[in-house]
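Asker: Generate coordinates for the sequence data below:
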Amino acid sequence: MKPISLVLSGCFALLSFTFVAAAIADTKTEQALRDLDAKWSAAAVAKDVDKTVSYYAESAVVMPPNASAATTKESIRSAWKEMLTTPGAAISWKATKVEVAKSEDFAYVSGTYQATMTDASGKPVNDHGKYVVVFKKQTDGAWKVVADIWNSDLPVAPAEKK
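Answerer: Numbers count the residues shown, from 1 in each chain. Below is the predicted model:
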């Protein structure tokens with residue numbers, strides 16, 4: 001083999017290894033975020049308000065449907081407390097897509113949720129929909145939610161006639 005062929009072969013091998021290593025790192029980060037999202041859902045299923053809220057960064061914004069955005073830890077906790085402690089309430093979700101920035105410091109997770117709430121008459125209402133969560137890697141290496149939004153797949157209820 002000629003020296004130039006050896007050099008080119010070595011460069012190709014090194015480049016291939018770099019791409020494979022990057023793909024493995026992306027897969028590990030993606031799986032870590034899927035696992036983190038599943039643990040967060042499990043905390044909500046268990047109705048553990050403090051654990052559920054612990055997944056948010058200090059600067060997080062939560063944008064629930066048909067409500068004002070929650071932008072402080074207190075307002076986020078209040079929103080989750082209402083959702084989780086209302087009699088008959090239940091919520092869970094599952095990630096269907098995870099996308100990690102090349103910088104490995106931001107990612108988004110999207111998926112579907114199932115929820116049961118009680119309406120004003122005390123009747124249970126089943127809901128399902130989709131969500132998007134933005135995670136940011138913190139200075140300590142932990143991933144925290146900085147933006148959270150979800151909305152229902154159900155049609156809007158007709159307006160009451162007056």
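
Asker: Same question for whichever strand or helix holds residue 83: list its buried residues.
Answerer: Per DSSP states H and E: residue 83 is located in helix 73-85. The neighbour-count check on helix 73-85 (16 or more other CB atoms under 10 Å) flags 76, 77, 79, 80, 83, 84 as buried. Bear in mind the C-beta positions are built from the backbone N, C-alpha and C, glycine included.

Asker: Pull the residues that contact that helix.
Answerer: Among residues not part of helix 73-85, those counted as contacts by CB atoms under 8 Å, 6 or more residues apart in numbering are 44, 47-50, 52-53, 56, 58, 60, 62, 64, 67, 70, 89, 91, 117.

Asker: now that helix: mean pLDDT?
Answerer: Averaging the model's pLDDT scores along helix 73-85 yields 95.

Asker: re the thing from before, Provide a PyMOL selection command restricted to the buried entries of the contacts of helix 73-85.
Answerer: Selecting in PyMOL just the buried members of the contacts of helix 73-85, where the criterion is 16+ other CB under 10 Å, is done with this command:
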select buried, resi 44+47+49+52+53+56+60+62+64+70+89+91+117
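
Asker: my guess is residue 29 contacts residue 106, does it?
Answerer: No: the pair formed by residue 29 and residue 106 falls short of the contact definition of CB atoms under 8 Å, at 10.9 Å.

Asker: which one of those two has more residues nearby?
Answerer: Comparing residue 29 with residue 106 by other CB atoms under 10 Å, the one with more neighbours is residue 29, at 18 against 15.

Asker: Spatially nearest residue to that one, not counting backbone neighbours?
Answerer: Residue nearest to residue 29 in three dimensions, not counting chain neighbours: residue 100, with 5.0 Å by CB to CB, 6 or more residues apart in numbering.

Asker: Residue 117 now?
Answerer: Ranked by CB to CB, 6+ apart and with sequence neighbours excluded, the top spatial neighbour of residue 117 is residue 125, at 5.2 Å.
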